[in-house]
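J.: show me how the following folds:
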Amino acid sequence: MSAYSLRGLHWFQALASGADEVSGLPPSLKVADGQLAGQPVRFLAVVADPANRFVRARNGEVGLLEGWGLAKAVDEVIEADSGRTDKRALVAIVDVPSQAYGRREEALGIHQALAGAADSYARARLAGHAVIALLVGKAMSGAFLAHGYQANRLIALRDPGVMVHAMGKASAARVTLRSVEELEALAASVPPMAYDIDSYASLGLLWETLTVEQIEQPTASDLARVIDRLLPAISDIEATGADLSSRLGATKRAASSKVRQLLREQW
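T.: Residues are numbered from 1 along each chain as shown. Coordinates of the predicted model:
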């Protein structure tokens, strides 16, 4: 068994089957232009590259090459589709264990590389491109912020391996001076501390969750089920606009909604 996840790669291959793969990017980035029922789409995924020259980014982490590569791939779409009415949707396939932690990454400005990717996704969204993140594996820390979190709609597959959090359990335990067991007990009553997708969904950040048969290697029916939800997500974005207000509807986000309301009234 591989030491790294292949979920992102397998879902990219399934969704982008028959699409035109984009060249000139690092091997750790898979990008292709295709269509979903006539809707033009660019698919993007960060995948493991065991030969990555940055050793901290060999298992699917988002590092320097990946951050700037994503920014380039998204900026190309913004520029090429400027002025068009049939702008490509962006589907970010998310299976990222973390950003790349390393001295070289810090010295060479990983914060700028990841910010560049996040900025490109945000500008694409504001320019009228429907941006959807499909969570098929881990969506952790700065990697998720750079690749997926700026999406208009977040769709997650239901599986214990699909997790969203600021850091892994072992790291979180060290930072909070708790054991992993203590952290898990705390997560049971504090949803933002939890890793499971249901707790994350309770915060109102997900547009939808889906159950599939084989998340590691999607079947034809799995693929059809996901596509069947991607298309309505794109239509919903077109109908409601480019902002992220859809994330504030959950009961547990009431305080966030209230703060925004007061800011609008006072400013």
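J.: against residue 136, how distant is residue 65?
T.: Between residue 65 and residue 136 the computed distance is 22 Å (CB to CB, to the nearest Å). All C-beta spots, glycine's among them, are computed from the backbone N, C-alpha and C.
J.: between those two, who's got more neighbours?
T.: More neighbours surround residue 136 than the other of residue 65 and residue 136, with 29 against 21 (other CB atoms under 10 Å).
J.: any idea of the mean pLDDT in the helix or strand hosting that one?
T.: Element membership of residue 136 [criterion: DSSP states H and E] is strand 131-140. What strand 131-140 shows for mean pLDDT is 96.
J.: for it, what is the distance to the chain centroid?
T.: Distance of strand 131-140 from the chain centroid (CA atoms, centre = their mean, to the nearest Å) equals 4 Å.
J.: do stretch 228-245 as well
T.: 16 Å.
J.: which strands and helices sit next to the strand holding residue 136?
T.: In terms of contacts (3 or more CB pairs under 8 Å, 6 or more residues apart in numbering; DSSP states H and E), strand 131-140 is packed against helix 7-15, strand 89-96, helix 110-126, strand 153-157, strand 163-165, helix 220-240.
J.: including distance to residue 73 and mean pLDDT, could these go into a markdown table?
T.: Listed next are the helices and strands packed on strand 131-140 as a markdown table, based on distance: least, CB to CB, whole Å; pLDDT from 0 to 100:
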| stretch | distance to residue 73 | mean pLDDT |
| --- | --- | --- |
| helix 7-15 | 13 | 97 |
| strand 89-96 | 9 | 98 |
| helix 110-126 | 8 | 98 |
| strand 153-157 | 19 | 96 |
| strand 163-165 | 23 | 86 |
| helix 220-240 | 19 | 95 |
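J.: nearest to residue 104, of the ones you listed?
T.: helix 110-126 (8.9 Å; CB to CB).
J.: who does that closest one touch, helix- and strand-wise?
T.: By 3+ CB pairs under 8 Å, 6+ apart, helix 110-126 packs against helix 64-80, strand 89-96, strand 131-140, helix 141-146.
J.: let's see 7 Å
T.: Helices and strands touching helix 110-126, by 3 or more CB pairs under 7 Å, 6 or more residues apart in numbering; DSSP states H and E, are helix 64-80, strand 131-140, helix 141-146.
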